[in-house]
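K.L.:
generate coordinates for the sequence data below:
(chains A and B)
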Amino acid sequence: MFDQKGQIRIIESFLAIAVIFSAVLVSVTFPSSPDFSKQKSLSTMGTQALIKLDTNGTLGDLIIQRNWANMKTALDTLLPLGVSFNLTVFDEAGNAVNSEAIQNSNLLGREVVSVQYVCATRSQVVDFFAIRLQLAWTG
Amino acid sequence: MRRNQNSGQILLVAAFIMASLLLSAQLYVLEVGKTSGDMDADSLNDFMLSVKLGSRHAVAGSLANISTGGTNSILEFNLQEWGEFIGRQYLSGKNVLDFTLEETSPYSSGIYLSWGANGYGVSSASANFVHTLVGRETDVDTAYSVNVTTVLLIKSANRRLNETTRQINVTINVLNEALPALAKQITVYYQVSGTWLIPDDTNDYALLDYGNGTYIASFTATVPTPEVEVSVHATDFRGIYVQANTTSTEI
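P.N.:
Down below sits the predicted model:
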């Protein structure tokens, strides 16, 4: 009887250890919170690049001309090395305008930051576009 | 003795409490991290800046249209559309872009076009905006004005080359918002017997571009009088058209 009690104590101790161990295990395997300082800097860089491109109306001009190659080149120049991007242009109805992908590499599997930007063209017929720029660090 | 018998259960309960504390602490850290990822002040400023830039482009585009023959109502129509478009973009709260067209003289419905005969031409559009963003953690009101103005200044002098021919020089200055700006296109006209003519190669026409918004057009023309009416039509790089007339006097 006494021995059985001892065995139960041991089992209870193991159970207690298992409970704490599984709690530690679960908390460790929780998805770690993203590094927001890195994401914020990416987001700022993306927006600043679009603002620079938009200041003199170039962004709107490139969209009107459907000049996606030059758009990619401009973003490649304005964004620092090591940043991957994927840009999508939407018209007023929310339809994607760019017929081809405007990106410098694939963002699959990376921690992506999305920047929303609104743009009006400076042309005689003023058009409005919403731009989604997705960014990620390559390294 | 009773206490001793229950020590195993106490151990288990303590383990459960510790485990739940551990997990809730981890959840709290995760939630705090999520909150810091919300749209912050910088993102809001960037969004409002993009709206401001777009407002300027919409005004400039409207002026480009109106200065080339479009109706003045285009400005109001475009800004209305722009405001509605902006209202659909910010999903975290209320986003309203209101505008009023400048009505202070010399503006009418936000537009001022004056292409006079005194060597001064102006195409201008002006509107005032109020951008309101109200969200869960946001309450921002920003008021700003947009004024898009293209000015053309011309001066002209001529000298007699022989009995009937004159060398005419026209100094042209293009300004955007009172700062020197480049022109996309410049066409010079001169008047002979009530007819406007465009000087070409047969007039030895040359346009010298100083690269700082100053241009000098020179040409020869058969003009019977020492005073020649000259007109310059220009389009700046924003597509805004402006013209100015002046009388070229003999030096």
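K.L.:
flag the shaky bits of chain A, pLDDT-wise.
P.N.:
Where chain A drops to pLDDT under 70, the residues are A:1-3, A:30-40, A:139.
K.L.:
look through it and tell me its longest strand.
P.N.:
Identified as the longest strand of chain A according to DSSP state E is strand A:128-137.
K.L.:
any part of that one near chain B?
P.N.:
Yes - legend: contact between strand A:128-137 and chain B by C-beta under 8 Å from any C-beta of the partner chain is shown at A:128, A:130. For every residue, glycine as well, the C-beta is placed using N, CA and C.
K.L.:
and that strand, what's buried?
P.N.:
A:128, A:129, A:130, A:131, A:133, A:134, A:135, A:136, A:137 (16 or more other C-beta atoms under 10 Å in any protein chain shown).
K.L.:
contact partners for the second one?
P.N.:
It refers to residue A:129. Contact analysis of residue A:129 by C-beta atoms under 8 Å, 6 or more residues apart in numbering or on different chains lists A:60, A:63, A:89, A:90, A:91, A:92, A:97, A:118, A:119, A:120, A:121.
K.L.:
from the residues you listed, which would you call buried?
P.N.:
A:60, A:63, A:89, A:90, A:97, A:118, A:119, A:120, A:121.
K.L.:
just give me how far the helix or strand containing residue B:51 sits from the chain centre.
P.N.:
Assigned by DSSP states H and E, residue B:51 belongs to helix B:41-67. Relative to its parent chain, helix B:41-67 has a centroid offset of 7 Å by C-alpha atoms, centre = their mean, to the nearest Å.
K.L.:
got it, and stretch B:158-175?
P.N.:
35 Å.
K.L.:
tell me which residues are up against it.
P.N.:
Here stretch B:158-175 has contacts from B:149-157, B:180-183, B:186, B:188, B:190, B:199, B:213-224, B:226, B:228, B:230, B:232, B:234, B:236, B:248-251, using C-beta under 8 Å, 6+ apart.
K.L.:
now do the domain split for chain A, please.
P.N.:
A:1-30, A:36-137 (automatic domain parsing).
K.L.:
can you tell me which of those is packed in deepest?
P.N.:
Among those, domain A:36-137 has the highest mean neighbour count (mean count of other C-beta atoms under 10 Å in any protein chain shown), at a mean of 17.
K.L.:
separation between the nearest residue to residue A:62 once chain neighbours are set aside and residue B:74?
P.N.:
For residue A:62, ignoring the flanking residues on the chain, the nearest one in space by C-beta to C-beta, 6 or more residues apart in numbering or on different chains is residue A:71 at 4.8 Å. As judged by C-beta to C-beta, to the nearest Å, residue A:71 and residue B:74 stand 27 Å apart.
K.L.:
same thing with residue A:65?
P.N.:
Per C-beta to C-beta, residue A:65 is found 22 Å from residue B:74.
K.L.:
do the same with residue B:24
P.N.:
60 Å.
K.L.:
repeat for residue B:152
P.N.:
Residue B:152 is 22 Å from residue B:74, by C-beta to C-beta.
K.L.:
what about those two, which has more around it?
P.N.:
residue B:152 (24 against 21; other C-beta atoms under 10 Å in any protein chain shown).
K.L.:
okay, and that one sits in which element?
P.N.:
Going by DSSP H and E, residue B:152 is part of strand B:139-160.
K.L.:
related to what we said a few turns ago, can you pull the contacts of the residue nearest to residue A:62?
P.N.:
A:62, A:63, A:87, A:102.
K.L.:
for the helix or strand where it lies, C-alpha coordinates in CSV please.
P.N.:
In the assignment (DSSP H and E), residue A:71 maps to helix A:68-78. Output in CSV follows, covering the C-alpha atoms of helix A:68-78 (Å, rounded to 0.1, in the frame of the first residue of the first chain):
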residue,chain,number,x,y,z
TRP,A,68,6.3,48.6,-66.3
ALA,A,69,9.9,48.0,-67.3
ASN,A,70,10.8,51.5,-66.4
MET,A,71,8.8,51.4,-63.3
LYS,A,72,10.8,48.4,-62.1
THR,A,73,14.0,50.1,-63.0
ALA,A,74,13.0,53.2,-61.1
LEU,A,75,12.1,51.2,-58.0
ASP,A,76,15.4,49.2,-58.3
THR,A,77,17.2,52.5,-58.2
LEU,A,78,15.3,54.0,-55.4
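K.L.:
give me the helices and strands touching the helix or strand following it, please.
P.N.:
Counting by DSSP H and E, the next helix or strand C-terminal to helix A:68-78 is strand A:83-90. Here strand A:83-90 touches helix A:36-55, helix A:68-78, strand A:102-103, strand A:128-137, going by 3 or more C-beta pairs under 8 Å, 6 or more residues apart in numbering or on different chains; DSSP states H and E.
K.L.:
any chance of the ones you listed in JSON lines, with distance to residue B:117 too?
P.N.:
Shown next, in JSON lines, are the helices and strands packed on strand A:83-90 (distance: least, C-beta to C-beta, whole Å):
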{"stretch": "helix A:36-55", "distance to residue B:117": "36"}
{"stretch": "helix A:68-78", "distance to residue B:117": "43"}
{"stretch": "strand A:102-103", "distance to residue B:117": "49"}
{"stretch": "strand A:128-137", "distance to residue B:117": "39"}
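K.L.:
so for residue B:116, which of the ones you listed sits nearest?
P.N.:
Closest to residue B:116 of those is helix A:36-55 (C-beta to C-beta; 31.7 Å).
K.L.:
export only the CA atoms of that closest one, formatted as CSV.
P.N.:
Output of helix A:36-55 as CSV, limited to C-alpha atoms (Å, rounded to 0.1, in the frame of the first residue of the first chain):
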residue,chain,number,x,y,z
PHE,A,36,8.3,45.6,-36.4
SER,A,37,11.3,47.9,-36.4
LYS,A,38,12.6,46.1,-39.5
GLN,A,39,9.2,46.1,-41.1
LYS,A,40,8.6,49.8,-40.3
SER,A,41,11.9,50.7,-42.0
LEU,A,42,11.0,48.7,-45.0
SER,A,43,7.5,50.3,-45.2
THR,A,44,9.1,53.8,-44.8
MET,A,45,11.6,53.0,-47.6
GLY,A,46,8.8,51.8,-49.9
THR,A,47,6.6,54.8,-49.3
GLN,A,48,9.5,57.2,-49.7
ALA,A,49,10.5,55.6,-53.0
LEU,A,50,6.9,56.0,-54.3
ILE,A,51,6.7,59.6,-53.0
LYS,A,52,10.0,60.4,-54.8
LEU,A,53,8.7,58.9,-58.0
ASP,A,54,5.4,60.7,-57.7
THR,A,55,6.7,64.2,-56.8
